[in-house]
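In: A structural model of the following input is requested.
(chains A and B)
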Amino acid sequence: MADLRKDNNVKEVHYKLTLCDGPTCIHNQSKQLHQVLDAEIKNRGVQNVSIHLSGCLGMCKKGPILIVNPGYTMYGNVKAADIPEIVQSHLVEGKPVARLTIIEDHLYNRFFRIFGDVDFFGKQMRITLRNCGIIDPENIDDYLSVRGYEALAKVLTNMKPQDVIAEVKKSGLRGRGGAGFPTGLKWEFTAKAVNGDKYVICNADEGDPGAFMDRGTIEGDPHTVLEGMIIGGYAIGAKKGIVYIRAEYPLAIKRLEKAMDAARQCGFLGKNILGTDFSFDIEIRLGAGAFVCGEETALIHSIEGSRGMPRPRPPFPAVSGLFGKPTLINNVETWANIPVVILDGGDWFSSIGTETSKGTKVFALAGKVRNTGMVEVPMGTTLREIVYDIGGGIPNGKKLKAIQTGGPSGGCLPEQYLDTQIDYESLAKAGSIMGSGGMIVIDEDSCMVGLAKFFIEFTQDESCGKCTPCREGTKRMLEILTRITRGEGRPGDIEKLERLGGMIKKSSLCGLGQSAPNPVLSTIKNFRAEYEEHIHQKKCRAGQCAAMLSYTIGERCVGCGACKRVCPAGAIEGARKEKHVIDAAKCIRCGQCFDVCKFNAVSKA
Amino acid sequence: MAEQITIYINNKEYKVDPGQTIMQAADKLGFHIPRLCYHPKLSIEGACRVCIVEVEGARNYVASCAYPVANGMKIHTNSQELRQARRDIIELILDNHPLDCHVCERDGNCELQRLASSMGIRARHFQGERKVYDKDLSSEAVIRDPEKCILCGRCVRMCSEIQQVHNLTQAHRGFDTVVMPAYDMPMGESVCTACGQCINVCPTAAFLEKNYTQDLFQKLNDPNLIKVVQFAPSVRAAIGEAFGIEPGRNMEGELIAALRKLGFNYVFDTQFSADLTIMEEGSEFLERVQNNGKLPMITSCSSAWMKCLEQFYPDLIENVSTCKSPMSMQGALTKSYFAQKIGVDPKKILSVAAMCCTAKKYEAAREELLVDGMRGVDIVVTTREISWMIKSAGIDLLHIQPEEPDHPLGESSGAGAIFGVTGGVMEAAIRTAYELYTGQTLIDIELESIRGLKGIKEGKIDLDGKEIRVAVAHGLGNACKLLDTVRKDPERYHFIEIMGCPGGCIGGGGQPYAQANSIPLDEGALMKRAQALYDLDRGKTIRRSHDNPDVQKLYKEFLHSPLSKVSHKYLHTHYKAKLPKGIIPKNG
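Out: Okay, here's the model as predicted:
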């Protein structure tokens, strides 16, 4: 291993600039920033500087992020206009530009020495994402410099397959795809199954709306996923691995391909890995973006070339999976944990987390929270810590209303569950699920009925159409929710939703259907009053359901006429410099008058 | 046998064999769990969720069609909560189904209707949007009506697993899911072979044959037409089921009488031209054997198989007999020999065929089969259509006085009768070929090795010291398997019989729907239909095609000899490769 490892720091590089190349930073013009930075350095003739790209660092809200080493100076929200100053002051004069650096006051709980000074990272514990944002994902030397492929070497030289499985079992690692099945047990079942060839699959068909944990992991550290899979292949006796990844992730695919090429060249992948008898290779299969293909049997059908539809289990893939052969299928995050479990040991891994849930969990933190992005926390962290300590709380002085975890399969937890610890059982007990890691923070401006409708619309769209409860039932739930949000709800609608939801949960063929009613049932459970208001009083307290809003113009009106000009329905009357009036019959509740009024004279209720 | 295990169904203890599903175990114990997408001949879909049961300890209900029994398992099939869930599921299906039972062709014959009735659905809770699709009327034979489809997937599995045609698949997602041919190709342009098995297994009316009954009623009332009908062997063996009697009763005489009552002037029997087919095909086979012709020779009676051949096995076209199917031979003779005999312009003859088959509708329209510019068969109706017409005309089929067919195209041998069962054409051909080749009469004429419902059957006969190896396949999936063997090993067989439908014509796509307490294509029912034809054969004095006096007379008066010029004009045809649209051939 030592021969393979080249320490990048040995190079005569004075400053190593790392620009985050994650999706949000790219969206925030990091590519242009790269060009400007490059040009500026050349123009000024600055020597001994190299520019590197990294995968997503997770601090998406502050992107684009630029890190300057040595010194670990982190710049956030960098604009092209800031570049000359950074180059001149930092790279030429050696003085970091204070106004652009992300350093906050608290110094507690420094797990990560690099980011310890930053609140956002303070309560995080990065195992899956340990290299994301730090190494160059397209450079295998970078991965090797952080003990990459050392776990594989250890496994192949010092461990029998059953030892590997024992270590994984000891770690207490559970499936990070959402269901939380004990990983070691799954490996053991697949290892024991005998039926010719075996397969290892990495499920990278990330489909929850707003979730990008798997994408971030692969884009930021593709080798760790590959290393995990190769170890898995060795443990169960497979020669072939497949990464099933959605085609909408071109960068992740590119980096995986590059990583696989590099790994093959270095002898980590292919025939006789590291000179041993063990041969294993990986191929990439692209998914067409069907949410249901994240379900393992649907995913397997898709790889086989059939329509991505789930089938009843048993038999489980461990016994009869891809092409009818025993198949070990794990999610990206699960695979990324494997090298750590091997190198640092199952005992160490199981020391992190709670009684039943070990290790860490990555979440895509989104919604009404200051620091949106990708975070990784030890199991047992409370929702409150994520929202307030890591997420920085709710912006604009709004009140927290709920936290939605688990994406379209999960539930909404109201404020009183804020101190719920994050682990599989606690979240389930509270009425939600761990899921694959979506976490949406909801403030008082969001309508819970509308939110439930959003998710059920998603699952109805993405239902494979095979089983009746999911295909037909979610459609009827969507229709009922739609009429409630339109102010056409009927008495008994809530009970119908509960009846349908309960039936769909218990009768559907696969996990998609079995969890599809969760957002509805959990919002009914925790926010029933909001539903009742919609139905009986035709009122949406969040002011989101357009059909129930009424706009009025109050005493603050100065008669400027801005609202009258913008109204597409011609519903506003009033002479100049006199108070205007909205004709409720003509009003289409588009809200443009509300947005345009500079005097806060328009109110909606 | 593994040791029995204990399960509990509705709190009662039972000993059952391991390794079976809950549904299989329950069936044997007398619990009929409601079901919809399940079919014993098809793979487990687990889609409809009607067969859910409660298993203690399981988080959710499980589909009993898919879930294996385990020792100590406690199962509930009828709890209150489960009953409601099941009822809600059926209700959801109904909510997305046209509420037009009273004008639906399957009214009274619909599995969904029966299921809804058995669930006791008396109120509707969730009605909303319904799917809206146009009917696909592009095919000569099979109509697709996605609005009636409840997405059980039986047709998809039938088409791909049993028939291996792979024409149908689910497309789109969620509420928009629909079963269609690849690329939403119209059925008429798709690779559909028109076998009609999708109709047989469909629980509703999502697939139907193109119905010609109204057209036929109208023409039967036209005094200027000479109305001639022929009916296939298998129609007589199955039509009784449409009138509520057990499978297996031969209704030949009653059917002939009913057809006359419907207004047909002449009732002929397709078994006559089955005998004729044997004369031609048997002679063709011997010619190929004696003159080093292309072998193995493959039969050409089954129209779905002919389309399958042209699309998927064009390289084997030379192997296929040039004989038309019995129906088309009969049609050609009706418009030529028979027209001359009664001295009428063949254009004035309405030639109708009552068939167990939907593909015959497609066949009748094939251009290659035109006789002097005319269609040999003008209208094809299925067993279902003709039974409906008989009922609609108020004819009491069950209590009617049986009658005899007309001459000169009505007499048949026992060999003609068994055409309707898989293996029957081969058996009939051997009876005649043996005698034509050896000059001796074959004594032991019942060839057990090629009878029965095994997918591919093999047999051998000795023709004066020459071993002739034969094979029989029924259902296009089995046919494909057999033909793949032939492609690899062309020497293996001399003569092959292929029928497109499971069981042969008795299991045709136009046969009566399964009755209330049976399932489509039930093997027991197929065997009974087969037995009816075997009994018919045994009951005949004449059991060899070449002994049929009407056939002999036809050769004397019109055709001269098998494979003569006249024969070729009226009784033989040709096939050509038809590359399916949108599908790229494997080898180029």
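In: Just say helix, strand or coil for residue A:215.
Out: Put simply, residue A:215 is helix when judged by DSSP: H, G, I helix; E, B strand; the rest coil.
In: give me the number of residues near it?
Out: 24 (other Cβ atoms under 10 Å in any protein chain shown). No exception for glycine: its C-beta is placed from N, CA and C like everyone else's.
In: helix or strand right after the helix or strand bottoming out on mean pLDDT in chain A?
Out: Of the helices and strands making up chain A, the lowest-confidence element is helix A:119-122, at a mean of 72, by mean pLDDT, DSSP states H and E. Per DSSP states H and E, helix A:119-122 leads on to helix A:140-145 as the next helix or strand towards the C-terminus.
In: Listing request: residues of the chain with sub-threshold pLDDT.
Out: I'll assume chain A. A:1-13, A:71, A:103-119 (pLDDT under 70).
In: My question was about chain B, not that one.
Out: Using pLDDT under 70, the flagged stretches of chain B are B:1, B:582-588.
In: Check it and tell me which residue is nearest its centre.
Out: Nearest to the mean C-alpha position of chain B, counting by Cα atoms, centre = their mean, stands residue B:508 at 1.2 Å.
In: hmm, back to that, return the list of helices and strands in contact with the least confident helix or strand of chain A.
Out: On a contact count with 3 or more Cβ pairs under 8 Å, 6 or more residues apart in numbering or on different chains; DSSP states H and E, helix A:119-122 meets no helix or strand.
In: Provide a list of residues in contact with the residue in the stretch 301-450 of chain A positioned nearest to chain B.
Out: Nearest residue of the stretch 301-450 of chain A to chain B, counting by Cβ to the nearest Cβ: residue A:312, 3.6 Å away. Applying Cβ atoms under 8 Å, 6 or more residues apart in numbering or on different chains to residue A:312 gives the contacts A:509, B:44, B:46, B:63, B:66, B:67.
In: Filter these down to just the ones in strands.
Out: residue B:63 (DSSP state E).
In: Count residues in the vicinity of whatever residue of chain B ends up closest to chain A, would you?
Out: Nearest to chain A in chain B, going by Cβ to the nearest Cβ, is residue B:177, at a distance of 2.6 Å. The tally of other residues near residue B:177 (other Cβ under 10 Å) stands at 19.
In: State the distance from it to residue B:138.
Out: 21 Å (Cβ to Cβ, to the nearest Å).
In: Please parse chain A into its domains.
Out: A:11-103, A:140-350, A:360-443, A:448-537, A:549-604 (automatic domain parsing).
In: quick revisit: residue A:549: which of the contacts of residue A:312 is nearest?
Out: Among the contacts of residue A:312, residue A:509 lies closest to residue A:549 (Cβ to Cβ), at 39.8 Å.
In: mind listing what that closest one touches?
Out: For residue A:509, counting by Cβ under 8 Å, 6+ apart, the contacting residues are A:310, A:311, A:312, A:466, A:467, A:470, B:46, B:47, B:49, B:63.
In: Can you flag the buried ones in those residues?
Out: A:310, A:311, A:312, A:466, A:467, A:470, B:46, B:47, B:49, B:63 (16 or more other Cβ atoms under 10 Å in any protein chain shown).
In: and of those residues, the nearest to residue B:121?
Out: residue B:49 (15.7 Å).
In: What's the first helix or strand after the helix or strand encompassing residue A:329?
Out: In this assignment (DSSP H and E), residue A:329 forms part of strand A:327-331. Using DSSP H and E, the helix or strand that follows strand A:327-331 in sequence is helix A:332-344.
In: Could you look up the next helix or strand downstream of that next one?
Out: Trace forward from helix A:332-344 with DSSP H and E and the next one is helix A:346-350.
In: Only alpha carbons, please: show that following helix as CSV.
Out: The C-alpha trace of helix A:346-350 is given here as CSV (Å, rounded to 0.1, in the frame of the first residue of the first chain):
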residue,chain,number,x,y,z
GLY,A,346,-16.8,-3.4,14.4
ASP,A,347,-16.3,-2.7,18.1
TRP,A,348,-15.4,0.9,17.5
PHE,A,349,-18.2,1.4,15.0
SER,A,350,-20.8,0.0,17.4
